[in-house]
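A.B. asks: one predicted model, sequence on top.
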Amino acid sequence: MNLLNTILVGLKEIWAHKFRSLLTMLGIILGVASLVGMAAIVKGMENGLKETMIAMGGADKVLLEDQDVPAYQEHLAEEAPGRTMVDVMALRQSAPLIRLVSPEMALNNCTVTRGDKMVNPSECVGVWPAVLDMNLHTLQHGRFFTDLDEEKANSVCVIGTGIRDELFGSPEKTGQDIVPIGQQVLINGQPFTIVGMFTRYEGEQERKERELAKTKPREKQAGPARRRGWGRGGGSWAFWRKNYTVYLPMNTMWVRFRSAAGANNIPDPRLTDIDVKVTSLDRLEPALQQARNVLLMTHRGIEDFSFRTQENQIQSINAQIRNARLSGGIIAAISLIVGGIGIMNIMLASINERIREIGICKAIGATGLAIFLQILVESIVVALVGALAGLAASFGLVRLLAMVSPSQNSPVVTPTAMVIAVIFSACVGIVAGLFPAFKAARLDPIQALRYE
Amino acid sequence: MIHDASPRELARIRNQKIGFVFQFFNLLPKLNVLQNVELPMIYSGLAGRERRERAVQALRMVEMDNRAKHRPMQLSGGQQQRTAIARALVNNPKIVFADEPTGNLDSHTGEVILELFRKLSQEGRTIALVTHDPEIAAVTPRRIEIRDGKIARHVDLKLAGLDRVNAERGTRNAEQAANPQSPTAN
């Protein structure tokens, strides 16, 4: 008996008992939908976390942080030099496993103004050009700082699009992409010329929403435009922070703001941050050891610094994802197994109904194997049709979840999950069909024919 | 030999050597007439086209070829039984067992079925027909009467010319066994 025929007969059997088949399949449908939906949620979560991770500078970024001196160096605490440009120079010179060193000197409580508009950037820091590579910035308009800017401490700045949106108007409001290169702004009252602007950083989901919003007509604003408080209006924190950046040349920051900003107007040469990137993640440990040695030298043995790697964070992200995937997978698997039990139940009932039919088939020469395959294929067909319906249902489920869940973690349906779900339900169909098929195949033809 | 055959061999014997005709027709209600007749050939592994040709041929033999697409439920009892006979014959079995083939039919239809069996018999097929009805039994060329599980009488019309009537343990006496086939048993 050829397979195609068997499958056709199986499909007919399903069609003949539509409602019963639907109820039988419901378990599989729900199982598959929940499996795919769960995988989609986890994938969305993963995407969101990875986007955030990259927005924060990638996995190979290491932060050099200040730290209280250890107890045994308590008496040296006064001597602790903190992080200075000396450290930066030394690292660049003597730590070959460190690929990139980016010093940052921040201006706290910074306000940027232009005309009657003002904005508080997320960070206003003096940097070296190395910061572009360090924080994975992309310059879209203009230029970044040159050596000449650095040397002459030129009053120039590079801004993120968020600053542009606040001071010059966002593309959404003005209808055009304003490029404020060459414009002057005041940073804490001092005039600076904008020489460059970054691209707009946003998550996949935000980008989609923004493009969708473009197609819709904007509602007209009644009355004068107002500031809308301090909220940042949705979106990921990491992207917001990146878009509201203002960068100055390191030397400009030093000369304009910091050289007289310490206590009693004594210059404070300490840096706010030193970020480093290692040559490769495989050699993270030796690289950090190397950096440590160099820094112990410049800090005269005082251990007032520590390293913070993103590795811990990546590990915890991965662990989270793994846990979510595992727990969701187990729940989905259980519901698939329950669906399988439903199939087995209905197959048993169905062969009981069809004992006479099986007897007839045997009387005209069906072998046990033919009957066995017939029942088994029917069970698999039920499972597979259920699985396909489940895949269709999963799209609806995912759409539903997308409406409920926060926008930056919107679920993503993955083909892998779909393939796994279908294969798993096929297996469930096989296992569920085995026993009924075996039972049917062993029926005695004479007794089966007599059965009423 | 039948006794020590495996289930698989038994299935093959049922498929190839024996055709069954039942009192209650035993057609599969889900399949149409043609598919019902094709079923034994599916189990013997014949290719689709040959299956179809032979099924149509068998249906023509029982004059059911114009009902090939009907479901058993849409047919009369006689038509169902003719379909069942076509199914029994389609694999060219050595012997056809018919268990009360007319038992569930009105007498006129039964007559048609019996006529069909007679025709098949004359074509040289072996048919073992079980019946309680002496009228039906009367039309057969060879008769074995069974009473309480034992052979009561054996009448063979082929050999009737030699008048060899076996009456071994019969309480009931022979009723004109030498009579030639009576065409209307009604």
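C.D. replies: The structure has been received and is ready for your questions. Residues are numbered from 1 along each chain as shown, chains lettered A, B, ... in the order given.

A.B. asks: is it true that A:Gly194 lies in a strand?
C.D. replies: No, residue A:194 isn't Gly; it's Ile. Yes: under DSSP: H, G, I helix; E, B strand; the rest coil, A:Ile194 falls within a strand.

A.B. asks: so the closest residue to chain B within the stretch 351-452 of chain A, which of the three states?
C.D. replies: In the stretch 351-452 of chain A, the residue that lies nearest chain B is A:Gly365 (2.3 Å; CB to the nearest CB). C-beta: built from backbone N, CA, C; applies to glycine. Here A:Gly365 is recorded as coil under three-state DSSP.

A.B. asks: for it, give me phi and psi.
C.D. replies: Main-chain torsions, A:Gly365, degrees, to the nearest 10: phi 110, psi 10.

A.B. asks: can you tell me the helix or strand for the residue nearest to it when sequence neighbours are not counted?
C.D. replies: Spatial nearest neighbour of A:Gly365, excluding adjacent residues (CB to CB, 6 or more residues apart in numbering or on different chains): B:Asn15 at 2.3 Å. B:Asn15 belongs to helix B:7-16 when assigned by DSSP states H and E.

A.B. asks: contacts for stretch A:93-102, please.
C.D. replies: Contact with stretch A:93-102 is made by A:88, A:91-92, A:127-128, A:130-131, A:133-135, A:274-279, A:283, A:286-287, A:290-291, A:294, as judged by CB atoms under 8 Å, 6 or more residues apart in numbering or on different chains.

A.B. asks: so what does residue 155 look like in phi/psi?
C.D. replies: Answering for chain A, as no chain was given. The phi/psi pair for A:Ser155 (degrees, to the nearest 10) reads phi -90, psi 70.

A.B. asks: actually it's chain B I care about, not the one you picked
C.D. replies: phi -120, psi 130.

A.B. asks: now for whichever strand or helix holds A:Ile317, which elements pack on it?
C.D. replies: Using DSSP H and E, A:Ile317 sits in helix A:311-353. With contacts taken as 3 or more CB pairs under 8 Å, 6 or more residues apart in numbering or on different chains; DSSP states H and E, helix A:311-353 sits against helix A:18-55, helix A:368-404, helix A:415-441.

A.B. asks: re earlier: looking at the contacts of stretch A:93-102, which are in helices?
C.D. replies: A:Val88, A:Leu91, A:Arg92, A:Ala130, A:Val131, A:Asp133, A:Met134, A:Pro286, A:Ala287, A:Gln290, A:Ala291, A:Val294 (DSSP state H).

A.B. asks: any quick PyMOL command for the buried ones out of the residues you listed?
C.D. replies: Here is the PyMOL command that selects the buried residues among these (16 or more other CB atoms under 10 Å in any protein chain shown):
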select buried, chain A and resi 88+91+92+130+131+134+287+290+291+294
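
A.B. asks: of the ones in helices among the contacts of stretch A:93-102, which is the nearest to B:Ala68?
C.D. replies: For the ones in helices among the contacts of stretch A:93-102, the minimum distance to B:Ala68 (CB to CB) is 78.9 Å, reached by A:Asp133.

A.B. asks: contacts only, for that closest one.
C.D. replies: Contacts of A:Asp133 (CB under 8 Å, 6+ apart): A:Leu100, A:Ser102, A:Lys277.

A.B. asks: what lines up beside the helix or strand hosting the first one in the sheet?
C.D. replies: The one in question is A:Leu100. Here A:Leu100 sits within strand A:98-106, counting by DSSP H and E. Sheet pairing here is set by DSSP bridges, and for strand A:98-106 it gives strand A:123-127 (antiparallel), strand A:273-278 (antiparallel).

A.B. asks: the helix or strand following that strand pairs with which strands?
C.D. replies: For strand A:98-106, the following helix or strand on the C-terminal side (DSSP H and E) is strand A:112-114. Here strand A:112-114 has these sheet partners by DSSP bridges: strand A:117-119 (antiparallel), strand A:184-187 (antiparallel).

A.B. asks: deepest of those strands, which one?
C.D. replies: Of the strands paired with strand A:112-114, the one with the most neighbours on average (mean count of other CB atoms under 10 Å in any protein chain shown) is strand A:184-187, at a mean of 18.

A.B. asks: let me see the mean pLDDT of that one.
C.D. replies: Averaging pLDDT along strand A:184-187 gives 91.

A.B. asks: quick one: residues in contact with it.
C.D. replies: A:107, A:110-114, A:124, A:157, A:167, A:191-194, A:246, A:248.

A.B. asks: 6 Å - rerun?
C.D. replies: A:Val112, A:Thr113, A:Arg114, A:Pro191, A:Phe192, A:Thr193 (CB atoms under 6 Å, 6 or more residues apart in numbering or on different chains).

A.B. asks: what's the ChimeraX syntax to select whichever of those are buried?
C.D. replies: A single ChimeraX command selects the buried members of the contacts of strand A:184-187 (16+ other CB under 10 Å):
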select /A:112,114,192
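
A.B. asks: closest to chain B out of the contacts of strand A:184-187?
C.D. replies: A:Val112 (79.4 Å).

A.B. asks: report the separation between that closest one and A:Ser102.
C.D. replies: 22 Å (CB to CB, to the nearest Å).
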